[in-house]
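> Have a look at this prediction, sequence included:
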Amino acid sequence: MKRLDISKLDVAALLGTDACVRCGECTLTCPTGGEAQDVELITPRGKLLRMRDFVKRQYGLRARLFGPKGIEDDELEEFSRRVYECTICGQCKVVCPAGLDTIGFWENMREFLVANDLGPLPPHQQIVKSIENYDNPWMQPRTQRPGWSKRLGKEVVIGDSLKERHEVLYFVGCTAAYDPNIRAMAEYTARVLARAGVDFGTLGNDEGCCGSTMMRTGLSDSTKGMVLRNIERFEKAAPALIVTSCAGCYKTIRQDYPKYGKLPAPVRHITEFVGDLIESGKLVPEARVDRTVTFHDPCHLGRHNGLYDQPRSILEAIPGLRIVEMERNRDDARCCGAGGGVKTAFPELANDISELRVADAESVGCEVLCTSCPFCYQSLKSAIASSGSEMEMVDLMELLWQSLQAPR
Ligand code: SF4
Ligand code: SF4
């Protein structure tokens with residue numbers, strides 16, 4: 001039996017969930033609660049009602065008059081598991097007619113779980129240790145961080161933003177820097193930037209994890225130091241613009257960093273920046289790419305940041321490309337299943353959700369599934385393999401690069 005500490009809980013926001021009209025829209029579209037497994041407690045409505053019930057049992061009027069009721073450990077463990085099965089995709093926020101800020105609730109619920117020693121889960125804790133010890137979630141030495149750029153030829157010059165000033169600071173992100181299956185995302189980003197003549201550099205060995213994993217698993221309090229260290233490096237680099245190719249880094253730096261300190265430059269996702277380079281004529285995709293493609297909207301790019309047109313405008317600029325939309329696209333796009341620490345703690349669940357997304361893409365007859373986030377890429381690529389699909393998984397910058405290969 002446990003007495004809950006609600007000091008970290010946004011009780012006012014929780015009470016605001018009275019506005020929930022129990023319409024069930026969020027349940028129908030929740031990738032983990034309504035689609036991959038039929039468990040009421042994981043649905044948005046289920047979690048909100050249970051959380052309210054816990055608070056009522058210990059802090060409500062009856063509790064004040066007759067004493068609080070303890071909550072059984074297994075009830076809390078089950079609740080914690082369900083809260084961490086949420087990918088924080090934001091679909092429930094989009095469909096909720098009561099306008100509830102569910103994304104904020106889910107992140108706050110995790111902070112509450114951490115304050116009560118009910119989170120993060122053991123697989124998350126390993127990642128947290130790695131971030132604390134190595135400054136990346138993949139237990140890789142700091143000196144290996146720039147290893148992604150080894151295959152680039154001499155025509156791609158990547159500056160050291162801590163030694164000399166460059167207009168653009170490219171924040172590579174841990175996954176593209178270290179995962180050998182994802183490194184191509186960073187490579188093609190660098191090739192595209194170099195082709196456009198952009199003066200850019202990176203933080204090299206000194207780039208630190210953006211802190212997204214820690215924040216999404218409820219450890220915001222522990223991220224302050226790493227966020228401030230990164231902001232200090234940004235200040236030293238003094239770029240005119242920070243560009244990320246990871247949707248998770250983009251959301252974190254753009255939306256979360258300003259809560260800790262002032263950013264010295266605006267942040268843009270590579271799709272925004274490159275979209276503008278094409279529009280201004282600095283990049284001209286000329287070679288035909290005669291393939292049928294569909295774009296998967298990463299949650300952190302789409303629902304969390306409203307970037308839907310930018311990646312599509314890049315695809316539209318590629319001659320020969322036939323673009324088809326999946327039935328669920330833009331703010332209705334089905335999540336890939338990887339976010340919110342789900343792939344780390346529940347890899348099978350994450351893959352089940354990814355396979356649903358691969359089936360969405362298969363159903364519109366495309367040859368290429370394209371995205372612009374390393375986590376979506378990683379997750380969908382393995383689901384393509386596990387579901388026996390023949391589709392090709394491609395990062396948007398790689399696809400664009402194919403069209404930039406025409407003789408100039
Ligand atoms: S954020 Fe996504 S996974 Fe989480 S409860 Fe909402 S719809 Fe479900
Ligand atoms: S969509 Fe909103 S109003 Fe409807 S059940 Fe879910 S939380 Fe409640």
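Looks like it came in fine. Ligands and ions are numbered 1, 2, ... in the order given.
> which residues does G261 contact?
G261 makes contact with V227, L228, I231, according to CB atoms under 8 Å, 6 or more residues apart in numbering. Every C-beta, even on glycine, is put in place using the N, C-alpha and C of the backbone.
> of those, closest to ligand 2?
When those are compared for distance to ligand 2 (CB to the nearest ligand atom), V227 wins out at 30.6 Å.
> Would you list the phi and psi of that closest one?
Main-chain dihedrals, V227, degrees, to the nearest 10: phi -70, psi -50.
> thought it was touching Y257?
Yes. Judged on CB atoms under 8 Å, V227 makes contact with Y257 at a distance of 5.8 Å.
> how about the residues of the stretch 1-150 of the chain near ligand 1?
Counting by CB under 6 Å from any ligand atom, the residues of the stretch 1-150 of the chain close to ligand 1 are 30-33, 44, 86-92, 102, 106.
> again, only this time at 5 Å
C30, T32, P44, C86, T87, I88, C89, Q91, C92 (CB under 5 Å from any ligand atom).
> now those in JSON lines, with secondary structure and neighbour count?
Listed next are those as JSON lines, based on DSSP: H, G, I helix; E, B strand; the rest coil; neighbours: other CB atoms under 10 Å:
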{"residue": "C30", "secondary structure": "coil", "neighbour count": "27"}
{"residue": "T32", "secondary structure": "helix", "neighbour count": "25"}
{"residue": "P44", "secondary structure": "helix", "neighbour count": "27"}
{"residue": "C86", "secondary structure": "coil", "neighbour count": "29"}
{"residue": "T87", "secondary structure": "coil", "neighbour count": "29"}
{"residue": "I88", "secondary structure": "coil", "neighbour count": "23"}
{"residue": "C89", "secondary structure": "coil", "neighbour count": "30"}
{"residue": "Q91", "secondary structure": "helix", "neighbour count": "28"}
{"residue": "C92", "secondary structure": "helix", "neighbour count": "29"}
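> which residues touch the residue in the stretch 251-400 of the chain positioned nearest to ligand 1?
As assessed by CB to the nearest ligand atom, ligand 1 sits closest to C335 within the stretch 251-400 of the chain, at 6.0 Å. With contacts defined as CB under 8 Å, 6+ apart, the neighbours of C335 are P31, T87, C89, Q91, C299, I353, R357.
> confidence score at it?
pLDDT, C335: 96.
> Under a three-state scheme, what state does it occupy?
coil (DSSP: H, G, I helix; E, B strand; the rest coil).
> Next one, pLDDT for E35 please.
Looking at E35, its pLDDT stands at 63.
> Repeat that for V39.
74.
> re earlier: which one is the residue of the stretch 251-400 of the chain closest to ligand 1 nearest to, not counting chain neighbours?
Of all residues not flanking C335 in the chain, C89 sits nearest, at 3.6 Å (CB to CB, 6 or more residues apart in numbering).
> Would you check that that neighbour makes contact with G339?
Yes. With contact defined as CB under 8 Å, C89 reaches G339; the gap is 6.0 Å.
> if we can go back for a sec, ok, the residues of the stretch 1-150 of the chain next to ligand 1 vs ligand 2, which is closest?
P44 (5.2 Å).
> Now do the contacts for the closest one.
Neighbour list for P44: C26, T27, C30, G33, C92, C96, T102 [criterion: CB under 8 Å, 6+ apart].
> and those as JSON lines, adding distance to ligand 2?
Formatted as JSON lines, these follow (distance: CB to the nearest ligand atom, whole Å):
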{"residue": "C26", "distance to ligand 2": "3"}
{"residue": "T27", "distance to ligand 2": "7"}
{"residue": "C30", "distance to ligand 2": "9"}
{"residue": "G33", "distance to ligand 2": "10"}
{"residue": "C92", "distance to ligand 2": "6"}
{"residue": "C96", "distance to ligand 2": "3"}
{"residue": "T102", "distance to ligand 2": "7"}
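> Good, wrapping up.
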